[in-house]
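Asker: Fold the following for me, if possible:
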Amino acid sequence: MAEAEAVQAVGAAEATEAVGAVAAVEAAVVPARSGGPVDVPVRNRAVEGLRGYGLIVAMWVRSTMAYRTSFFLSTLGNAAITLLDFVAIWIMFSHVDALGGFTLPEIALLYGSSSASLGLADLLLGNTDRIGVRIRDGSLDTMLVRPVPVLAQVAADRFALRRVGRIGQGLAVLVWAVSELDVEWTAGKVLLVPSMVLAGAALFGAVMVAGAAFQFVAGDAAEVQNSFTYGGNTMLQYPPTVFAKDLLRAVTFIVPLAFVNWLPALYVLGRPYPLGLPGWVAFVSPLVAAVVFVPASLAWRAGLRSYRSTGS
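Answerer: Residues are numbered from 1 along each chain as shown. The predicted structure follows:
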């Protein structure tokens, strides 16, 4: 198994280098037949980033699927390990009827939405927490000379398709919760459930980018980033009524993790938010995610500009 993974890593790394080489050729100035240089049209940077990200991801997926048994076993293992968190909640409810006034299906709604959101963000951007290692060993320098945005390269590097296990496990719990909840479903509530998962993934993604930017200053501070992502996910799996109001204010107005699932879920359940916010805030999670991405992206750009090779 270890030998197979090593072969995958080598093959994907070589493929990533190939992507950089091809992109460099495409971005080069092509000499015209008349002898004068012809500038290749500059493409939109966001489009180039998505294209480069897609190419690197596709190559990692292809190398992963070369060992399908290993992939399926690791995916099932990933899902089983994350499912243990919900099993612990299930066992707890064998001794109590409610936690903070919430029943098991209601907490399952919180758990499933948060777990699926983090799983999606972790799949797409989870590798950004390795930026501190790249700064230390100097491998970030090789990404700077490629005509593909560095964030796209960092996020796609070592793309782990097995992380879909967490997403599938979270969605399974979410579907069970929706089927068990005794609520009056309206069009707004039905649309809020998938929107909650997607907007939550965007919020977690923004936190990951901000955490990666922080590592330009603090060095290898991946655990600080993980405390907000994985730690925040664990917090959001439980009802806000069990936490102090100072903490609720912090995760609502400073690091707005409450918009991942607490506010939308409480609207679906017909419950008031402990801080007394109006009901319409349940629908602004996509807007909050977009707003949070602005300072996160600016922090990333500032960190990248301050980079002065190994040890900075």
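
Asker: Name the residues of stretch 94-112 that come out as buried.
Answerer: Neighbour-count burial for stretch 94-112 flags Leu99, Phe102, Thr103, Leu104, Pro105, Glu106, Ile107, Ala108, Leu109, Leu110, Tyr111, Gly112 (criterion: 16 or more other CB atoms under 10 Å). C-beta here means a position set from N, CA and C on the backbone, and glycine is covered the same way.

Asker: May I have the secondary structure class of the last one?
Answerer: Under DSSP: H, G, I helix; E, B strand; the rest coil, the three-state class of Gly112 is helix.

Asker: now swap in Phe159 and tell me
Answerer: When classified by three-state DSSP, Phe159 comes out as coil.

Asker: Regarding Ala58, which helix or strand does it belong to?
Answerer: helix 45-64 (DSSP states H and E).

Asker: Check which helices and strands that helix is in contact with.
Answerer: Counting contacts by 3 or more CB pairs under 8 Å, 6 or more residues apart in numbering; DSSP states H and E, helix 45-64 packs against helix 2-27, helix 150-156.

Asker: list the helices and strands the last one packs on?
Answerer: So that's helix 150-156. Short answer (3+ CB pairs under 8 Å, 6+ apart): helix 150-156 packs on helix 45-64, helix 140-144, helix 187-218.

Asker: can we see that at 7 Å?
Answerer: helix 45-64, helix 140-144 (3 or more CB pairs under 7 Å, 6 or more residues apart in numbering; DSSP states H and E).

Asker: Next, the buried residues of the shortest one.
Answerer: Neighbour counts over helix 140-144 (16+ other CB under 10 Å) mark Leu140, Met143 as buried.

Asker: can you check stretch 262-274 too?
Answerer: For stretch 262-274, by 16+ other CB under 10 Å, it's Trp262, Leu263, Pro264, Ala265, Leu266, Tyr267, Val268, Leu269, Tyr273, Pro274.

Asker: May I have the secondary structure class of the fourth one?
Answerer: Following three-state DSSP, the label given to Ala265 is helix.

Asker: thought it was touching Ser113?
Answerer: Yes - in this structure Ala265 lies within contact range of Ser113 using CB atoms under 7 Å: 6.3 Å.

Asker: who touches both of those two?
Answerer: Met196 (CB atoms under 7 Å, 6 or more residues apart in numbering).

Asker: gap between stretch 66-75 and the chain center?
Answerer: 22 Å (CA atoms, centre = their mean, to the nearest Å).

Asker: where among the helices and strands packed on helix 45-64 is the average confidence lowest?
Answerer: Among those, helix 2-27 carries the lowest mean pLDDT, a mean of 43.

Asker: sorry, back to before: and the buried residues of stretch 262-274, which two are the farthest apart?
Answerer: Greatest spatial distance among those (CB to CB): Val268 and Pro274, at 16.3 Å.

Asker: what's the burial count for Asn261?
Answerer: Neighbours of Asn261 under the rule other CB atoms under 10 Å: 30.

Asker: Now it. Nearest residue, chain neighbours left out?
Answerer: Once flanking residues are discounted, Asn261 sits nearest to Ser113: 4.2 Å by CB to CB, 6 or more residues apart in numbering.

Asker: One more: Pro264?
Answerer: Using CB to CB, 6+ apart, the nearest residue to Pro264 is Met196, at 4.2 Å.

Asker: ok, the one you found touching Phe259?
Answerer: No - with contacts counted by CB under 7 Å, Met196 stays clear of Phe259, the gap being 9.1 Å.

Asker: Identify the contacts common to these two.
Answerer: Joint contacts of Met196 and Phe259 (CB under 7 Å, 6+ apart) are Ser285.

Asker: With neighbour numbers in mind, choose between these two.
Answerer: Met196 (30 against 24).

Asker: ok, that one - contacts?
Answerer: With contact taken as CB under 7 Å, 6+ apart, Met196 is in contact with Ser113, Asn261, Pro264, Ala265, Ser285.

Asker: can you pull the pLDDT of it?
Answerer: Looking at Met196, its pLDDT is 94.

Asker: where's it relative to Leu161, distance?
Answerer: Separation of Met196 from Leu161 (CB to CB, to the nearest Å) stands at 24 Å.

Asker: gap between the residue positioned nearest the centre of the chain and Trp280?
Answerer: With distances taken as CA atoms, centre = their mean, Ala121 lies nearest the centre of the chain, 1.7 Å away. Separation of Ala121 from Trp280 (CB to CB) stands at 25 Å.

Asker: With Val268 instead?
Answerer: Separation of Val268 from Trp280 (CB to CB): 14 Å.

Asker: Appreciated, that's everything.
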